[in-house]
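Q: Okay, sequence plus prediction incoming.
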Amino acid sequence: MNASPSPEAQTVLAALRERRSIRRFTPEPVDDDALAAILDAGRWAPSGLNNQPWRFLVVRRGDPRQEVLANHTKYAHIVRGAAALICVFLDRAAMYNPRKDHQGAGACIQNMLLAVHALGLGGVWLGEIINREAELLPALGLDPEALETMAVIAVGRPAQHGSSQRKSLESLLLEPL
């Protein structure tokens, strides 16, 4: 039976197609309610055994840790321009399977990016920062034995329109539907 998607499903599917990575932001701040909604969206991501091993650190514009983050990535200009940065970590003590926990962290980050989009904000997933994790965590005053860095999400009011192209579905399928 081919039922057409409900209006709610259409909204979700549209958000999946329309969300874009935004790398330039206006100087306007992002309020606490918006940040709480973004974090809550991440909290609702699926995880193996429902262990929810993710932990968050929010760094706002002007916090000295913003410059610490900027100094640990080649995307410093994005970090410095963001109104807020959401650092996503895995709590090593809460993990039970590295592959599943890393997949869960990816779902958590995607949930937050979709919430950013739904709130009319812009955001981008900065994963390159994990290359400097050994220096980053101590510089932030965090214990590298307790936490594993997954990404930093830069958030703000968009100062650009995002764009993207995708490969055709057929080119991604190992065999036709």
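A: Everything's here; your move. Numbers count the residues shown, from 1 in each chain.

Q: how far is the longest strand along the chain from where the chain is centred?
A: Looking across the chain with DSSP state E, the single longest strand is strand 147-156. Mean-position distance between strand 147-156 and its chain equals 6 Å (CA atoms, centre = their mean, to the nearest Å).

Q: Just give the strands next to it in its sheet, each with its orientation.
A: Sheet pairing for strand 147-156, assigned by DSSP bridges, gives strand 84-91 (antiparallel), strand 122-126 (antiparallel).

Q: quick one: contacts of the helix or strand where residue 137 lies?
A: Using DSSP states H and E, the element containing residue 137 is helix 133-139. Applying CB atoms under 8 Å, 6 or more residues apart in numbering, the contact partners of helix 133-139 are 68-69, 71-72, 129, 143-144, 147-149. Every C-beta, even on glycine, is put in place using the N, C-alpha and C of the backbone.

Q: Go again with 10 Å.
A: Contact with helix 133-139 is made by 65, 67-69, 71-73, 87, 89, 129-130, 132, 142-150, 152, as judged by CB atoms under 10 Å, 6 or more residues apart in numbering.

Q: Can I get the buried ones among the residues you listed as something I can paste into ChimeraX?
A: With 16 or more other CB atoms under 10 Å as the criterion, this ChimeraX line picks the buried residues out of the contacts of helix 133-139:
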select :65,68,69,72,73,87,89,129,132,142,147,148,149,150,152
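
Q: List the buried residues in the helix holding residue 137.
A: In helix 133-139, counting by 16+ other CB under 10 Å, buried: 133, 136-137.

Q: Just the closest of these to residue 38, please.
A: residue 136 (21.4 Å; CB to CB).

Q: circling back: tell me the one among the buried residues of helix 133-139 nearest to residue 119.
A: Nearest member of these to residue 119, counting by CB to CB, is residue 136, at 27.3 Å.

Q: Please list all residues in contact with residue 142.
A: With the criterion set at CB under 10 Å, 6+ apart, residue 142 makes contact with 55, 57, 87, 89, 136, 149.

Q: Quick check: the farthest pair among these?
A: 55 and 136 (14.5 Å).

Q: quick one: which helix or strand includes the residue most central in space within the chain?
A: In the chain, the centroid-proximal residue (CA atoms, centre = their mean) is residue 109; its distance is 3.6 Å. Here residue 109 sits within helix 98-118, counting by DSSP H and E.

Q: Including distance to residue 117 and pLDDT, could the contacts of residue 142 go into JSON lines?
A: Listed next are those as JSON lines, based on distance: CB to CB, whole Å; pLDDT from 0 to 100:
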{"residue": "55", "distance to residue 117": "23", "pLDDT": "98"}
{"residue": "57", "distance to residue 117": "22", "pLDDT": "98"}
{"residue": "87", "distance to residue 117": "20", "pLDDT": "98"}
{"residue": "89", "distance to residue 117": "23", "pLDDT": "98"}
{"residue": "136", "distance to residue 117": "27", "pLDDT": "97"}
{"residue": "149", "distance to residue 117": "23", "pLDDT": "98"}
